[in-house]
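Visitor: Structure of the sequence below:
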Amino acid sequence: MVGLYIGSRTIAVAQSYMTASGTIATDRLGVSNIPPGTVDDSGVIDVDTVSRAVRDLLAASNVTRAKAATLAISLNGVVTRLLITPSYRVTSRYWIFRS
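Guide: Take a look at the predicted model:
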């Protein structure tokens, strides 16, 4: 699974997979700044710049093809809530999530 976040100043990507023991491990992460005014409260303003930044971030983070993806775009009209997630432990370059 690949997750992509597009904010007003940054974009972030994470690639995760299910381990043999049933936990979720994240092995590739990347964060990049985008120029001011590229994304605002109404959405993505400069599609070309955002697409180029996403493409470059995926390449720099060595994100490979995935069977599933999720996308989050930060807008004022979006309702955000605090979620309680399973605990996790960090091991070397992986984040292991346990339920």
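Visitor: Now do the SS call for the residue in the chain sticking out farthest from the centre.
Guide: Within the chain, the residue lying farthest from the chain centre (CA atoms, centre = their mean) is Ser21, at 23.8 Å. Secondary structure, DSSP: H, G, I helix; E, B strand; the rest coil: Ser21 is coil.
Visitor: Same check on Ala59?
Guide: Applying three-state DSSP: Ala59 is helix.
Visitor: what about the strands in this structure?
Guide: Along the chain, the segments classed as strands by DSSP state E run 2-6, 10-18, 24-33, 39-40, 43-44, 69-73, 88-91, 94-97.
Visitor: how about those, which one is nearest Ala60?
Guide: strand 24-33 (5.9 Å; CB to CB). Any C-beta I mention is one placed from the backbone N, CA and C, and that applies to glycine too.
Visitor: Can you give the strand pairings for that closest one, parallel or anti for each?
Guide: strand 10-18 (antiparallel), strand 94-97 (antiparallel) (DSSP bridges).
Visitor: Out of the ones you listed, which gets the lowest mean score?
Guide: Across those, strand 94-97 has the smallest mean pLDDT, namely a mean of 49.
Visitor: Now for the closest residue in space to Ile34 that isn't next to it in sequence, how many residues are close by?
Guide: Spatial nearest neighbour of Ile34, chain neighbours left out: Ala53 (5.1 Å); criterion: CB to CB, 6 or more residues apart in numbering. For Ala53, the count of nearby residues is 19 (other CB atoms under 10 Å).
Visitor: Likewise for Thr10?
Guide: Look at Thr10: counted by other CB under 10 Å, it has 15 neighbours.
Visitor: That one and Ala68: what is the separation?
Guide: From Thr10 over to Ala68 the distance is 23 Å, taken as CB to CB, to the nearest Å.
Visitor: again with Ser32
Guide: The value you get for Ser32 to Ala68, if CB to CB is used, is 22 Å.
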